[in-house]
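Participant: Following is a predicted model, sequence given first.
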Amino acid sequence: MKIAEIFKNKGKTVFSFEVFPPKKTSPIESVYSKLEEICTYGPDFVSVTYGAGGTGSHSRTCEIASKVKNNFGVEAVAHLTCVNSTKQDIDENLKDLRAHGIENILALRGDYTEGVEPKNEFLYASDLCTYIKSKGDFDIGGACYPEVHTEAKDEVEDVLNLKKKVDSGAEHLISQLFFDNSVFYRFIERTKIAGINVPIEAGIMPVTNKSQIERMVLMCGASLPAKFSKIMQKYENNPDALRDAGIAYAVEQIVDLIANGADGIHLYTMNNPYVAKKISEAVKNLL
């Protein structure tokens, strides 16, 4: 089923998960038991990130997406990046996805990699959206940044770029993680002013350890509210307490988002069944 149809037919907040392929040094089968369990906790769909760079990145994403859909019975979305791809590369990837029954794609530019020269056939995610749309009947999603893309000049430029992405074929959006819901609500106001009328899912990442959050904040530039920072400081030396406090904080965010009519919640599971289970159980009666 197309993800756009899920948003249209559900009539209330969509609840989805994100998972990722294992490191290249690990066999792909090493994550299957965790992913199978994660899929039992009732997501409307599961997105699979694009594997770490190098040969075989797409094939691992496609294989896991196929496993999620065809073996675990949950609709799958495959991430697809373009900064290091030629049109021929994308054609081959689309052919592979189609052969595995995957009809939903999250179209991303991808990160520039030090020492790797970009192909320059796709400069932006909007270029990839346009190209995928011309190549077949795929459902196309896109990413968005409540606290502004790190490369954008300001909020205005950022939301105009997002509008271009939607106009190029993105039918729904998944936000980067954030820890202050007021940031997300202000972002939604900007998108409405810009005439962006597609469903937007709120990306929520439960913090399970201090190094994880430091790494993610460095990568995406998310701000840390005082309330959140105090939790980290109090429990940083107690891993179990920090994990459970992080889950509780994420649940509080999700409850507020649902109450305020969020189109969807996209949970960054970090391939952790415990996290997926606890949060799913906490909010299942709200969805």
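Facilitator: That came through, no problem.
Participant: any chance you could map the helices in the stretch 101-250 of the chain?
Facilitator: 125-133, 155-167, 181-193, 210-220, 226-235, 239-259 (DSSP state H, counting those that start in this stretch).
Participant: Take these and lay them out in TSV including distance to residue 90, mean pLDDT and mean neighbour count.
Facilitator: For glycine as for every other residue, the C-beta is placed from the backbone atoms N, C-alpha and C. Listed next are those as TSV, based on distance: least, CB to CB, whole Å; pLDDT from 0 to 100; neighbours: other CB atoms under 10 Å:
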stretch	distance to residue 90	mean pLDDT	mean neighbour count
helix 125-133	6	98	22
helix 155-167	16	96	18
helix 181-193	27	97	16
helix 210-220	24	77	14
helix 226-235	38	91	14
helix 239-259	34	96	17
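Participant: can you put the ones you listed in a markdown table and add distance to residue 115?
Facilitator: Below are the helices of the stretch 101-250 of the chain laid out as a markdown table (distance: least, CB to CB, whole Å):
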| stretch | distance to residue 115 |
| --- | --- |
| helix 125-133 | 22 |
| helix 155-167 | 27 |
| helix 181-193 | 34 |
| helix 210-220 | 18 |
| helix 226-235 | 33 |
| helix 239-259 | 34 |
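Participant: In the stretch 1-150 of the chain, where is pLDDT below threshold?
Facilitator: Along the stretch 1-150 of the chain, the parts satisfying pLDDT under 70 run over 52-57.
Participant: try 80
Facilitator: Residue ranges of the stretch 1-150 of the chain with pLDDT under 80: 51-58, 113-116.
Participant: just so I have it, where are all the strands in it?
Facilitator: 14-19, 45-48, 76-81, 104-108, 139-144 (DSSP state E, counting those that start in this stretch).
Participant: can I get those in TSV with distance to residue 258?
Facilitator: Converted to TSV, the strands of the stretch 1-150 of the chain look like this (distance: least, CB to CB, whole Å):
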stretch	distance to residue 258
strand 14-19	9
strand 45-48	17
strand 76-81	21
strand 104-108	22
strand 139-144	19
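Participant: quick one: which of the ones you listed is nearest residue 265?
Facilitator: Among the strands of the stretch 1-150 of the chain, the nearest to residue 265 by CB to CB is strand 14-19 (5.3 Å).
Participant: packing partners for that closest one?
Facilitator: helix 32-39, strand 45-48, strand 264-268, helix 273-283 (3 or more CB pairs under 8 Å, 6 or more residues apart in numbering; DSSP states H and E).
Participant: any chance of these in CSV, plus distance to residue 223 and mean neighbour count?
Facilitator: CSV is the format used below for those (distance: least, CB to CB, whole Å; neighbours: other CB atoms under 10 Å):
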stretch, distance to residue 223, mean neighbour count
helix 32-39, 28, 18
strand 45-48, 24, 25
strand 264-268, 17, 25
helix 273-283, 22, 19
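Participant: returning to what we had before: closest one to residue 216 among the strands of the stretch 1-150 of the chain?
Facilitator: Nearest to residue 216 among the strands of the stretch 1-150 of the chain is strand 14-19 (12.4 Å), distances taken as CB to CB.
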